[in-house]
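Trainee: give me coordinates for this.
(2 chains)
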Amino acid sequence: GAVVSQHPSRVICKSGTSVKIECRSLDFQATTMFWYRQFPKKSLMLMATSNEGSKATYEQGVEKDKFLINHASLTLSTLTVTSAHPEDSSFYICSAMRQFNQPQHFGDGTRLSIL
Amino acid sequence: DQQVKQNSPSLSVQEGRISILNCDYTNSMFDYFLWYKKYPAEGPTFLISISSIKDKNEDGRFTVFLNKSAKHLSLHIVPSQPGDSAVYFCAARANAGGTSYGKLTFGQGTILTVHP
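Mentor: Model prediction:
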């Protein structure tokens, strides 16, 4: 089956630091990867869509300079939360899609806690 | 504007019985629908999907029904098992292309509890 690996699974760091989260599709090439954020007891909120070799498309209200996305290859996308603050604490999940008519497959998420 | 709604926050079912999870949508541009299962602190796991050209898709114990006129879909799990206990999300995709390529809109989720 389609396997998506997300690393790290948990991060605790001080306010002001930058945190990088990696998302890898292990057994398929992903034309598109997505980054979501989930608040407690809420649904998944799409932050941005990432296509390999091009700039990410951010959803309304998501700060591009705050959440830097790089999609350097067909199997790797990274999300960097820059100058993180306590309000950025959340559960971040990535997904990868092999091609348009196929479902997205999700990583196991990263629990980010900013002190 | 919640384009995909799961109006039941939770559902409790006895083992062996049928679980029916419901989802409503408002955007007529949605043409592909998916159900995901999620455990705490994990990412969603894909269960089953259906294209708008169909009204039913079946995979083992899971069946998804789509009623386009009512803008309603449901997931049936039969027989239900305790291991099915999780949060279930429905999601929808619009065939809008461009920057919306492949973008999914998720419902709020329904917590399913299957009692032994």
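
Trainee: for residue 18, give me its contacts.
Mentor: Chain wasn't specified; assuming chain A. Applying Cβ atoms under 8 Å, 6 or more residues apart in numbering or on different chains to A:Ser18 gives the contacts A:80-84. Heads up, the C-betas are built off the backbone N, CA and C, glycines and all.

Trainee: let's do chain B instead
Mentor: So B:Ile18 contacts B:76-80 (Cβ under 8 Å, 6+ apart).

Trainee: so of the residues you listed, which ones are in helices?
Mentor: Secondary structure from DSSP state H places none of the contacts of B:Ile18 in helices.

Trainee: just flag the most distant two among those.
Mentor: Using Cβ to Cβ, the pair of these lying farthest apart is B:His76 and B:Pro79, separated by 10.6 Å.

Trainee: near chain A, which residues of chain B?
Mentor: B:32, B:34, B:36, B:41-46, B:49, B:89, B:99-109 (Cβ under 8 Å from any Cβ of the partner chain).

Trainee: look up how far chain A lies from B:Gln81.
Mentor: 20 Å (Cβ to the nearest Cβ, to the nearest Å).

Trainee: list the contacts of that residue.
Mentor: B:Gln81 neighbours (Cβ under 8 Å, 6+ apart): B:15, B:61, B:114.

Trainee: rerun that using 10 Å as the cut-off
Mentor: If you count contacts by Cβ atoms under 10 Å, 6 or more residues apart in numbering or on different chains, B:Gln81 has them with B:13, B:15-16, B:19, B:61, B:114, B:116.

Trainee: equivalent analysis for A:Lys64, please.
Mentor: So A:Lys64 contacts A:48, A:55-58 (Cβ under 10 Å, 6+ apart).

Trainee: where does the residue most central in space within chain A fall, phi/psi-wise?
Mentor: Closest residue to the average C-alpha location of chain A: A:Trp35 at 3.5 Å, with Cα atoms, centre = their mean. Main-chain dihedrals, A:Trp35, degrees, to the nearest 10: phi -120, psi 130.

Trainee: which residue, other than its chain neighbours, is closest to it?
Mentor: A:Met47 (4.6 Å; Cβ to Cβ, 6 or more residues apart in numbering or on different chains).

Trainee: could you measure from the one you found over to A:Val62?
Mentor: 5 Å (Cβ to Cβ, to the nearest Å).

Trainee: name the residue in those two with the higher neighbour count.
Mentor: A:Met47 (22 against 17; other Cβ atoms under 10 Å in any protein chain shown).

Trainee: residues contacting B:Ala41?
Mentor: Shown in contact with B:Ala41 (Cβ under 10 Å, 6+ apart): A:9-10, A:91, A:108-109, A:111.

Trainee: any idea whether it is helix, strand or coil?
Mentor: Assigned by DSSP: H, G, I helix; E, B strand; the rest coil, the conformation of B:Ala41 is coil.

Trainee: for A:Pro103, give me its contacts.
Mentor: A:Pro103 neighbours (Cβ under 10 Å, 6+ apart): A:2, A:95, A:97, B:32, B:34-36, B:46-49, B:91, B:93, B:102, B:104.

Trainee: that concludes my questions; thank you for your assistance.
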